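Q: Here is a sequence with its predicted model. Questions after.
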Amino acid sequence: MSKIKKVTCHVVSAPVQKPFTSSRGWIYKTRGSCIVEPFTSSRGWIYKTRGSCIVEIETTDGIVGWGECYGPSAVAKSFIDTQFAPRIIGMDPFDVEVIWEELYNRIKDYGTSGMAISAISGIDIALWDIIGKSCGKPIHKLIGGSYRSEVSAYATGLYFIDMDRLIEEAVEEALEFKSEGFIAIKMKIGLGDPKFDIKRVEAVRKAIGDDVRLMVDANHCFTVPQAIRIGRELEQLNIDWFEEPISPEDIDGYVEVTRALDMAVAGGENEFTRWGFRDLVVRKAMDIVQPDVCAAGGISECKKIATLASAHGVECQLLLLVPADGPATLDAFLETVKKSPGKISIGTPGSNNLNHIFAVMTGRVVNTDIITVPYTGGSKVIVDLAGKQLDAAVLKPSESKTQIDAGLVKPIGVFSNDRIKTLPNVPTFKEKGYNVFPYGPLLQMAYLVAPAKTPPAVQEKLIAIFRKAIQDPRFKQASEDGGSKVDDSTGKALGSEINAVTKTLSVVGKKIFVPEEK
Amino acid sequence: MSKIKKVTCHVVSAPVQKPFTSSRGWIYKTRGSCIVEIETTDGIVGWGECYGPSAVAKSFIDTQFAPRIIGMDPFDVEVIWEELYNRIKDYGTSGMAISAISGIDIALWDIIGKSCGKPIHKLIGGSYRSEVSAYATGLYFIDMDRLIEEAVEEALEFKSEGFIAIKMKIGLGDPKFDIKRVEAVRKAIGDDVRLMVDANHCFTVPQAIRIGRELEQLNIDWFEEPISPEDIDGYVEVTRALDMAVAGGENEFTRWGFRDLVVRKAMDIVQPDVCAAGGISECKKIATLASAHGVECVPHAWGSAIGLAATLHFLAALPDQPPSFRGNPPLLELEQCENPFRDLLSVEPIVQQRGKVKIPTGPGLGIEINRTILDKYRVS
């Protein structure tokens, strides 16, 4: 059996000709490849060099594997040289997860994240390189296989270099990326003046046109309200994602920004291991997590982080429906709305709820008044819609599927980020370019209530009966087909959930139902 | 590049000489399985197994899955998993569809291992251990007039065979009688043999808590499936109420199913079955979720030599929870009811010695299949 013989850290650094910075303000003065001018981000670090800790592992049968650690290279080297390398000499490189756990458990008493994990990442990558070479296979064929043989890349750039030409240089660089063939570009923002940031992003968007995808990265320079405010404006500029709006340790803040904005929020480059990412994904603190293979724990751990991310993904969806002979498309319907201000009726089950909000927003996206007609239940809405007493309705798929299948009504738009699984041909408002939730995605709940004085024994019995019914796999499957998720909370737990949703609804409701100041 | 050429399901069934039951009341008169054989264009053969009704597994594979994977690279094992799962999930996201995928996944890992000349566990993270402690699953209900006597006799037999841990069935409709039976077994085997109980989800929440309190006095390692698997709230309640470990999850599937259990710590120990929950690929993911949420993962196993070998490789690559100087390694479930497929399907049977079972070290699953057994018990 081949064993690990030698671990070597190569610490390298190269000068950057043109220092750059981002909102971090770090000045990059060197880097691993040739850079013309130093640069910075909102961190304010001026990058005048670029460096890295490159890990080389050699086995007794002469195979050499390479890895890399993110972050200060001298620190990574010191972790590896003094803490990790001596422990893995003589071990089987195929025991790559065994080694990961051994090293992590060696070091976790001194901190469970940060550079210790970067150092493990470099070792892990080098071991996977060895495993692949031993088997004569590329790494991806040994960690699940290839979903694709090539990937689209986005260019990360548009740092802050010449402080007198920040807009011009961004536009020039973006156009250069476009001419080089990039189909997506990520630019730095966070210049201390949100208006100027927007002006700069606007200039870039205008220069590259709408066909190149554009992302922004704030390197966590904003507060929560600042992030939401600038996010709203970025949404108008067709930005793919808003990266690191706020400080990475503020998970609550991330939840708030992510729920408030329609656009995707990204983050996590400074998070580590499955346990760190667990706390982000369980709460869906961001729409996109961005583990760094060279930092978060290497290939072994990033596979685990991807597992967590894939295990947590749910969303609730509502539909806009019209009678069978109504307008054929969402665009056609909205044209009708525009032509008949204050005349088009949209039915909803109940009022001051999510359906009602979406009905109002349907009018608002074309700046035209509509009439909302509240009903006491979805079944009554669907009957009147099928009978053409209404021009449209906002309903759940489960409330309308039968009538859709029977050809009595037809769905023309989905009020969520993604299409509904069971109605793959119905477009979302979003993809048609209509923003129906400018105040953030909302949760819809259905729950059962009993009179306040119901005796505990009766309550228990009722809960037991309904639990049995709603936990029945047939009910669950039907619910999931209808785009909703069956939960199982009762009593106080349910009460606090309802309060949270009501609170959000009342905040958004105020914005929706109270006329905007003009 | 080697490609998948052929997928064959062997449905086998063997009579059981001495029928037995658990609290489920199902009388086991035969033991069967759906064994999956996958052949590649370069002649490598991989073996897998599906838990549950074998004819159903075969029908999923023959009509839904096999045609989709012919021509694919066996190394794209997770790509294939996602492809098959996404093909079938509109018709249900758990159950036999996932068992069928499990059998395919295990066979693909067998092929990958054989192609690389490595045992599977070396390709899924490495070996934390070269052997595992096994517990004997038995003490079912056979002779209704001698329920206590037969349990004591069987337990003593396991002890004399070297087992260091035994799991017995409970749930005879009378909690007092259950306790009396467990007490008799504990007394007979002494305090040095670890003892677990499995209720096959026959209790309500308050019943489970009440009997659990008494089991705690008898030094029971874990209380398996106290209540119905779909009642996650109930599991949370039982697990919080009892000091002893609560185990479950043999009838849960995929990372999404287990997510709902581990996020709420509904049980202390989750027990995915490699041949049911989604194969080796998916059980690795389930173990990841369990580890991220501080829940133990100790797989359920009830299959042939193939399922047993797959479970052993999964166990080899599963860390101690928590890691420590003298850790708490996961146990292998070595079910002891009559089953010729467990004993005879592998040319070299997988056996325990002094309570330990060695992890196979040959390429892939590391076992050689005795085709005459497949032919002898073939149903279809």
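A: Great, that's in hand. All figures in this text were calculated on a predicted structure; none of them were measured in a lab.
Q: where does the stretch 201-350 of chain B come near chain A, residue by residue?
A: Residues of the stretch 201-350 of chain B lying close to chain A by CB under 8 Å from any CB of the partner chain are B:230-233, B:255-256, B:259, B:263, B:281, B:285, B:288-289, B:291-293, B:317, B:319, B:323. The C-beta positions use only the backbone N, C-alpha and C, and glycine is treated the same way.
Q: Can you point out the helix or strand that includes the closest residue to B:His293 other than its chain neighbours?
A: Spatial nearest neighbour of B:His293, excluding adjacent residues (CB to CB, 6 or more residues apart in numbering or on different chains): B:Val262 at 4.2 Å. Assessed by DSSP states H and E, B:Val262 sits inside helix B:254-263.
Q: Which secondary structure elements does that helix sit against?
A: Under the contact criterion of 3 or more CB pairs under 8 Å, 6 or more residues apart in numbering or on different chains; DSSP states H and E, helix B:254-263 touches helix A:298-311, helix B:232-241, strand B:269-270, helix B:279-292.
Q: got CSV for those, with mean neighbour count too?
A: Below are the helices and strands packed on helix B:254-263 laid out as CSV (neighbours: other CB atoms under 10 Å in any protein chain shown):
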stretch, mean neighbour count
helix A:298-311, 22
helix B:232-241, 20
strand B:269-270, 25
helix B:279-292, 26
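Q: any idea which of the ones you listed scores lowest on pLDDT?
A: Among those, helix A:298-311 has the lowest mean pLDDT, at a mean of 90.
Q: which residues touch B:Gly103?
A: Contact analysis of B:Gly103 by CB atoms under 8 Å, 6 or more residues apart in numbering or on different chains lists B:Cys9, B:Cys34, B:Ile35, B:Val36, B:Gly48, B:Glu49, B:Cys50, B:Ala57, B:Ile61, B:Cys275, B:Gly279.
Q: before we move on, what about B:Glu216?
A: Here B:Glu216 is in contact with B:Leu242, B:Asp243, B:Met244 (CB under 8 Å, 6+ apart).
Q: Torsion angles phi and psi at it?
A: Dihedral pair for B:Glu216: phi -60, psi -30, per degrees, to the nearest 10.
Q: And B:Gly362, by the same measure?
A: phi -70, psi 170.
Q: OK, contacts around it?
A: B:Pro119.
Q: can you list the helices and strands packed on helix B:254-263 in CSV and add distance to A:Gly413?
A: Below are these laid out as CSV (distance: least, CB to CB, whole Å):
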stretch, distance to A:Gly413
helix A:298-311, 28
helix B:232-241, 35
strand B:269-270, 41
helix B:279-292, 35
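Q: List just the one of these that sits closest to B:Asn86.
A: helix A:298-311 (12.1 Å; CB to CB).
Q: circling back: right, and the helices and strands packed on helix B:254-263 - which one's nearest B:Ala66?
A: It's helix B:279-292; of the helices and strands packed on helix B:254-263, that one is closest to B:Ala66 (CB to CB) at 15.2 Å.
Q: got the angle for that closest one vs helix A:298-311?
A: 90 degrees (axes from the mean of the first three to the mean of the last three CA atoms, to 10 degrees).
Q: hmm, back to that, would you turn the contacts of B:Gly103 into TSV with secondary structure?
A: TSV is the format used below for the contacts of B:Gly103 (DSSP: H, G, I helix; E, B strand; the rest coil):
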residue	secondary structure
B:Cys9	strand
B:Cys34	strand
B:Ile35	strand
B:Val36	strand
B:Gly48	strand
B:Glu49	strand
B:Cys50	strand
B:Ala57	helix
B:Ile61	helix
B:Cys275	coil
B:Gly279	helix
